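In: Turn this into a model:
(2 chains)
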Amino acid sequence: MKKNVALIRRTPGAIVKRNEIVETLVTPVADIYETVDAFVVRLDMPGTSNENIRLSIDPDRLSIRAVVGTLHKEGTGFLLGEIGQKAYHREFNLGDGIDLDRVDAVYADGVLTITLGKTDAMKSREIRVN
Amino acid sequence: MSLIRWSPTRDLAAWPSDIVEMQREINKMFDNIFRGERDESFASSSWVPAVDIAEHDDEYIVKVELPGVSKDDVKITLESNILTIRGEKKQEKDTKKENLRRVERLYGTFQRSFTLPSTVKNDKIDASFRDGILHISLPKAEESKPKQIEVKVK
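Out: Below you'll find the predicted structure:
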């Protein structure tokens, strides 16, 4: 999964800057909250896109993978490199009660929001007291 | 003689109270982490977004990772060659706070400052936001661009 990408750039003059970018696999941080009829998972995944996100779900597991396109032109010299070249991967174990036909995902502003619909049996109901 | 189950904490009573206090604090910290509860002191601490600064022949490019931050909540200022990016990450409005099951993302204010070379054209700075990454382009002034001088060998 790991890929080494070395970018070397020669600046005009005598100094040779060497910048090595190593692609790392990052576990994106997530928030999870529950609504009456769904679980909502929100992951911070800046720099990717709809086409680059692979979501797969089976009754036990939700798997999220995404690649981040190269942020910089080839041969760039870096003064600071904290973002680097990375790919995202995270998996969640699922309990009972997720309706696999009602799973929805939206990517916006670097945040992936996955809505996992509950099965009818799992939905909370209000019980009226007579 | 009966067997007494060993308790790791039983002998602690004899320990100096500050060690016991420290253990209590550590326990609290772990409890908060594993229960997924949001410790207020942790939540309010400001987070530091990751930044790349790249240099090209004609410009510097600054990229800041700001997933989930609204464009309106980011402020970029340049004052005597110091570029400052500050803002706030807010929790999404539709989040059901009372039904949070896990909170790993950090919210709150952030600020980062960088000293720019004096060769940046201050009035030509441009910023855009895409996929949670803020791009700032800082063009270099003409005189600082690398020039190639051809030397003819006679």
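In: First-to-last residue distance for stretch B:118-138?
Out: 11 Å (CA to CA, to the nearest Å).
In: Only the buried residues of that stretch, if you could.
Out: B:V120, B:I125, B:F129, B:D131, B:G132, B:I133, B:L134, B:I136, B:S137, B:L138 (16 or more other CB atoms under 10 Å in any protein chain shown). (Glycine included, C-beta is placed from N, CA and C.)
In: Establish whether the helix or strand harbouring B:V20 and chain A are in contact.
Out: If you go by DSSP states H and E, B:V20 is part of helix B:17-34. No - applying CB under 8 Å from any CB of the partner chain, one finds helix B:17-34 separated from chain A by no less than 13.3 Å.
In: Name the nearest of the buried residues of stretch B:118-138 relative to chain A.
Out: B:G132 (1.4 Å; CB to the nearest CB).
In: Just give the closest residue to A:D101, not the sequence neighbours.
Out: A:G117 (7.6 Å; CB to CB, 6 or more residues apart in numbering or on different chains).
In: Ignore what I typed, I meant A:T48.
Out: A:A66 (4.3 Å).
In: For the residue nearest the centre of chain B, give me its contacts.
Out: In chain B, the centroid-proximal residue (CA atoms, centre = their mean) is B:V48; its distance is 1.4 Å. For B:V48, the contact set (CB atoms under 8 Å, 6 or more residues apart in numbering or on different chains) comprises B:F110, B:R112.
In: per-residue pLDDT, it?
Out: If you check B:V48, the pLDDT there is 88.
In: any idea how far B:V151 is from A:P46?
Out: Distance of A:P46 to B:V151, given as CB to CB, to the nearest Å: 46 Å.
In: what do you get for B:K121?
Out: 29 Å.
In: does B:V51 really touch A:L79, like I thought?
Out: No - contact criterion CB atoms under 8 Å: B:V51 and A:L79 do not qualify, at 9.9 Å.
In: The two: who's more crowded?
Out: In this view B:V51 and A:L79 are compared by other CB atoms under 10 Å in any protein chain shown, and B:V51 has more residues nearby, 19 against 15.
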